[in-house]
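Asker: Structure for this input, please:
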Amino acid sequence: MTRLFSQIIAFSSMTILITSPIVALYFLINIDQFAEIARSNITLPIQWQTVSDMQWYSLWFLTALYIAIGLAGLYFLRRAFFNFAKGQLFNYSNSRDLRLFSILLFIQALAKIIHLTISSVLLSINHPAGQKILSVYFGSNELKIIALAMILWVMSDLLVRGSKLENENKQFV
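Answerer: Residues are numbered from 1 along each chain as shown. Below you'll find the predicted structure:
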């Protein structure tokens with residue numbers, strides 16, 4: 001069952017890694033569709049009629065950077081689970097890949113807070129004086145992801161150290 005789940009995770013990760021840049025390029029070309037999705041998902045009192053195309057492109061770029069952090073983490077997760085599916089369980093490469101995934105997950109959780117804050121400023125920059133918005137959001141979901149990332153980071157760091165010790169022990173035998 002572990003191999004099957006590992007294959008599913010590796011395949012799903014690879015699918016996301018392939019489709020995400022295609023979707024991002026679609027929204028870059030069709031910025032109005034991106035703006036429509038942003039309007040429906042952002043729950044801030046933005047005066048949408050004042051948002052220019054340059055602001056939408058800037059928000060797209062900011063969002064692409066935020067997503068790229070997650071995709072980098074997913075790349076390392078895919079590598080580890082691909083090896084798990086092949087039966088290569090506790091080796092240095094897998095442990096290191098899991099550690100890189102957890103570090104990037106932690107960075108993305110922090111980047112989400114920054115992304116939302118910069119987005120609020122970016123979208124309200126054309127508002128009249130006194131109506132500009134600076135929104136900082138840190139909720140329980142962000143806290144959960146940060147806690148999970150820290151737990152994974154510690155566990156993967158222990159796996160990395162364990163695999164180094166195992167290699168040292170093999171050299172003595």
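Asker: Please make it C-alpha for all contacts and neighbour counts, starting now.
Answerer: Fine.
Asker: what ranges do the helices span in this protein?
Answerer: 2-29, 31-41, 53-85, 92-123, 140-172 (DSSP state H).
Asker: Show the contacting residues for Thr63.
Answerer: Contacts here follow Cα atoms under 8 Å, 6 or more residues apart in numbering; on that basis Thr63 touches His115.
Asker: Could you tell me the model confidence score at it?
Answerer: pLDDT for Thr63: 96.
Asker: Any figure for the gap between it and Leu116?
Answerer: 9 Å (Cα to Cα, to the nearest Å).
Asker: ok now stretch 11-18, how far from the chain's centre?
Answerer: 13 Å (Cα atoms, centre = their mean, to the nearest Å).
Asker: Also stretch 17-34?
Answerer: 16 Å.
Asker: likewise stretch 49-69?
Answerer: For stretch 49-69, the distance to the chain centre is 16 Å (Cα atoms, centre = their mean).
Asker: Show me which residues of that stretch are buried.
Answerer: 51, 55-57, 59-60, 62-64, 66-69 (16 or more other Cα atoms under 10 Å).
Asker: follow-up on the earlier one: pick the most buried one from the helices of the chain.
Answerer: Each of these was scored by mean neighbour count; the highest is helix 92-123, a mean of 21, by mean count of other Cα atoms under 10 Å.
Asker: helices and strands around that helix, which ones?
Answerer: Contacts defined by 3 or more Cα pairs under 8 Å, 6 or more residues apart in numbering; DSSP states H and E place helix 92-123 against helix 53-85, helix 140-172.
Asker: Now tabulate these in CSV and tack on distance to Phe27.
Answerer: Listed next are the helices and strands packed on helix 92-123 as CSV, based on distance: least, Cα to Cα, whole Å:
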stretch, distance to Phe27
helix 53-85, 8
helix 140-172, 26
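Asker: Let me know which of these is the nearest to Phe11.
Answerer: Among those, the nearest to Phe11 by Cα to Cα is helix 53-85 (7.6 Å).
Asker: what angle separates that closest one from helix 2-29?
Answerer: 160 degrees (axes from the mean of the first three to the mean of the last three Cα atoms, to 10 degrees).
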